[in-house]
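J.: can you look at this prediction? I've put the sequence above it.
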There are 2 protein chains.
Amino acid sequence: MRIAVSADHAGVDLKDLIAGWLGEQGHEVLDLGTNSHDSVDYPKFGAMLAEALADGRAERGITVCGSGIGVAIAANRNPACRCAQVAEPLSATLARWHNDANAIALGARLIGPEMAIACVRSFLDTEFEGGRHQRRVDQLSHLSQETA
Amino acid sequence: MRIAVSADHAGVDLKDLIAGWLGEQGHEVLDLGTNSHDSVDYPKFGAMLAEALADGRAERGITVCGSGIGVAIAANRNPACRCAQVAEPLSATLARWHNDANAIALGARLIGPEMAIACVRSFLDTEFEGGRHQRRVDQLSHLSQETA
């Protein structure tokens, strides 16, 4: 799968660890940065992940900041992105089953590396259930226009 | 505080419990529904919460679905809403400190009532830190225009 990754300075180490693991699993990784511990503003890195999904450069995205909260809000500003904040694998599974999530946001200050990889595994291995959930997913794509 | 609450059918019982608790604490509660167990589509209830924040009917919002994921994505489509999915109080605290979150999303199938109230308490009792975080919060409000 083509998978985009991004992070702010608080998330860069976990992002790099995930990128390495994804490569080992045979995925194609698009690393959108950041690539140092210098302080950066997380909204840009959440937004860039969503743009990579919107324009088809990536099929899935994983974004990391200290809590996962800021990058998730930023990514979900883009109607092409359905980003779930997850801290354990069941949420990642539910995000795929019911929300057809194409991105997850992780908090590097809240979860450790093995928990993060377990979340990524569930996110990548779980199929969307479709059915009544498809209608709701479609609604998520059109909310911005309706409320604009 | 004026606090809006909303939920889909999976979240209605927890939403009602939270609404009752908020009333006991002296808050003014704006209940946006749903108000039965009949199946509804969560995007509408996330979006209505964000609209109540956008137009000033509420200062804070709490939205509930099965996982918290769907309503959070829906709420964050609106640039006036900064909605954090939370499953424990530290995330609610971080969401206030760093992201000036004006909404939280809870998963009624993932956390119990006392954990939910603990999250709500942290969300309501924690002040935004401002400083460098203000610039990033401002960026979250303008992302939709920039990427549109």
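T.: Nice, I can see it.

J.: if you tally nearby residues, what's the number for A:A118?
T.: Using other CB atoms under 10 Å in any protein chain shown, A:A118 has 17 other residues around it. No exception for glycine: its C-beta is placed from N, CA and C like everyone else's.

J.: per-residue pLDDT, it?
T.: Looking at A:A118, its pLDDT is 98.

J.: tell me the secondary structure at A:G26.
T.: What DSSP: H, G, I helix; E, B strand; the rest coil gives for A:G26 is coil.

J.: same question but for A:G56, I mixed them up
T.: Per three-state DSSP, the local secondary structure of A:G56 is coil.

J.: what is the worst-scoring helix or strand of chain A on mean pLDDT packed up against?
T.: In chain A, the helix or strand scored least confidently by mean pLDDT, DSSP states H and E is helix A:132-147, which has a mean of 82. Applying 3 or more CB pairs under 8 Å, 6 or more residues apart in numbering or on different chains; DSSP states H and E, we find helix A:132-147 packed against helix A:89-99, helix B:42-54, helix B:69-76.

J.: near chain A, anything from the shortest one?
T.: Yes. Using CB under 8 Å from any CB of the partner chain as the criterion, contacts between helix B:69-76 and chain A involve B:69-70, B:72-74, B:76.

J.: to A:D38, which of the helices and strands packed on helix A:132-147 lies closest?
T.: Across the helices and strands packed on helix A:132-147, A:D38 has its closest neighbour in helix B:69-76 (27.0 Å, CB to CB).

J.: between helix B:132-147 and the closest one, find me the angle.
T.: Relative orientation of helix B:69-76 versus helix B:132-147 (axes from the mean of the first three to the mean of the last three CA atoms, to 10 degrees): 80 degrees.

J.: so which elements touch helix B:69-76?
T.: Helix B:69-76 makes packing contacts with helix A:69-76, strand A:83-85, helix A:89-99, helix A:132-147, helix B:42-54, strand B:60-65, strand B:83-85, strand B:103-107 when contacts are defined by 3+ CB pairs under 8 Å, 6+ apart.

J.: each with direction, which strands does the second one pair with?
T.: Sheet partners assigned to strand A:83-85 using DSSP bridges are listed as strand A:103-107 (parallel).

J.: ok now the strand it pairs with, how far from the chain's centre?
T.: The chain centre lies 5 Å from the centre of strand A:103-107; the measure is CA atoms, centre = their mean, to the nearest Å.

J.: do the same with stretch A:100-107
T.: Counting by CA atoms, centre = their mean, stretch A:100-107 comes out at 3 Å from the chain centroid.

J.: likewise stretch A:58-67?
T.: Stretch A:58-67 has its C-alpha centroid displaced from the chain centroid by 3 Å (CA atoms, centre = their mean).

J.: can you give me the end-to-end distance of that stretch?
T.: Start-to-end span of stretch A:58-67 (CA to CA, to the nearest Å) is 23 Å.

J.: so which bits of it are buried?
T.: Across stretch A:58-67, burial judged by 16 or more other CB atoms under 10 Å in any protein chain shown covers A:58, A:60-67.

J.: same check on stretch A:82-102?
T.: Across stretch A:82-102, burial judged by 16+ other CB under 10 Å covers A:82-87, A:89-102.

J.: send the alpha carbons of that stretch over as PDB?
T.: The C-alpha trace of stretch A:82-102 is given here as PDB (Å, rounded to 0.1, in the frame of the first residue of the first chain):
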ATOM      1  CA  ARG A  82     -11.300  10.600   7.600                       C
ATOM      2  CA  CYS A  83      -8.800  10.600  10.400                       C
ATOM      3  CA  ALA A  84      -9.400   8.700  13.700                       C
ATOM      4  CA  GLN A  85      -7.300   9.500  16.800                       C
ATOM      5  CA  VAL A  86      -6.400   6.100  18.200                       C
ATOM      6  CA  ALA A  87      -4.600   5.000  21.400                       C
ATOM      7  CA  GLU A  88      -5.300   1.200  21.200                       C
ATOM      8  CA  PRO A  89      -6.100  -1.200  18.400                       C
ATOM      9  CA  LEU A  90      -9.800  -1.600  18.900                       C
ATOM     10  CA  SER A  91     -10.400   2.000  18.000                       C
ATOM     11  CA  ALA A  92      -8.300   1.500  14.800                       C
ATOM     12  CA  THR A  93     -10.400  -1.500  14.000                       C
ATOM     13  CA  LEU A  94     -13.700   0.300  14.600                       C
ATOM     14  CA  ALA A  95     -12.500   3.300  12.500                       C
ATOM     15  CA  ARG A  96     -12.000   0.900   9.600                       C
ATOM     16  CA  TRP A  97     -15.200  -1.100  10.000                       C
ATOM     17  CA  HIS A  98     -17.600   1.800  10.500                       C
ATOM     18  CA  ASN A  99     -15.900   5.000   9.300                       C
ATOM     19  CA  ASP A 100     -13.700   3.700   6.400                       C
ATOM     20  CA  ALA A 101     -11.000   5.800   8.000                       C
ATOM     21  CA  ASN A 102      -8.100   6.500   5.600                       C
END
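
J.: no further questions, thank you.
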